[in-house]
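Enquirer: need coordinates for the following:
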Amino acid sequence: MELNKLEEFELVKKIQKGNKQAFKTLYTLYVDKIFCLSYRMVNDSHIAEDLTQDIFVRAWEKINNFGFKSSFFTWLYRLAVNVIIRKKEKTNRIAEQEADVEIEELYKNDVAFESEKIESFIDCEKALKNLPNQARYVFILHDMEGFTHKEIEKIMNISIGTSKAHLFRARKLLKEELSL
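Expert: Below you'll find the predicted structure:
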């Protein structure tokens, strides 16, 4: 189910008045996307599940701060990135072990993959894991999630030029790693 901006805003207004069913609707709509974002940023499905829940709890707590200046989805992504970064800084660790890729969970609604596509996916996820944090975040937001540099500027609180530099670096490092 896709919502247009007006429908999103109507749900947010209901949530701001305490309507839990409206929040459940937005949760259902975005939980998979937030989980995938979390997973890509931390490379651990259990931590990603915890982060996803933390992000939605935080969204419920901060929903009254939503100012209707951007889409709710952009606001939620910014909140998610901030929660993930704070969690990583607080714990000051990134899992170094190979992440268990739970393809059934990540792609539960997709057609089964051929073994070559699965191997390629795993190689890409491993290469992503090796990127410096800021470069990985920008790459995920821009190339994988489709955000513009202007949106990334707002989400990550960095300049457009910095976003472009991180993206250039991420693409270069990924190209080098995947061409081995």
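
Enquirer: which element, helix or strand, includes the most centrally placed residue in the chain?
Expert: Per Cα atoms, centre = their mean, the C-alpha nearest to the average position across the chain is that of Leu37, at 2.4 Å. Assigned by DSSP states H and E, Leu37 belongs to helix 20-42.

Enquirer: domains in this structure, by residue range?
Expert: 1-97, 130-180 (automatic domain parsing).

Enquirer: averaged pLDDT, the first one. What do you get?
Expert: When pLDDT is averaged over domain 1-97, the result is 85.

Enquirer: distance of Lys43 from Glu49?
Expert: Let me fix one detail, which is that residue 43 is Asn and not Lys. Distance, Asn43 to Glu49, by Cβ to Cβ, to the nearest Å: 13 Å. Where you see a C-beta, it was placed from the backbone N, CA and C, and this is true even at glycine.

Enquirer: more neighbours: which of the two?
Expert: Neighbours of Asn43 and Glu49, each counted by other Cβ atoms under 10 Å, are more numerous for Asn43; the result is 23 against 14.

Enquirer: surely that one meets Lys129?
Expert: Yes: the pair Asn43 / Lys129 is scored as a contact, 4.7 Å apart, by Cβ atoms under 8 Å.

Enquirer: now stretch 45-61, how far from the centre of its chain.
Expert: Relative to the centre of its chain, stretch 45-61 is centred 11 Å away, using Cα atoms, centre = their mean, to the nearest Å.

Enquirer: picking that back up, measure the residue nearest to the residue nearest to the centre of the chain when sequence neighbours are not counted to Gly18 for me?
Expert: Leaving aside its sequence neighbours, Leu37 sits nearest to Ala80 (Cβ to Cβ, 6 or more residues apart in numbering; 5.8 Å). Separation of Ala80 from Gly18 (Cβ to Cβ): 23 Å.
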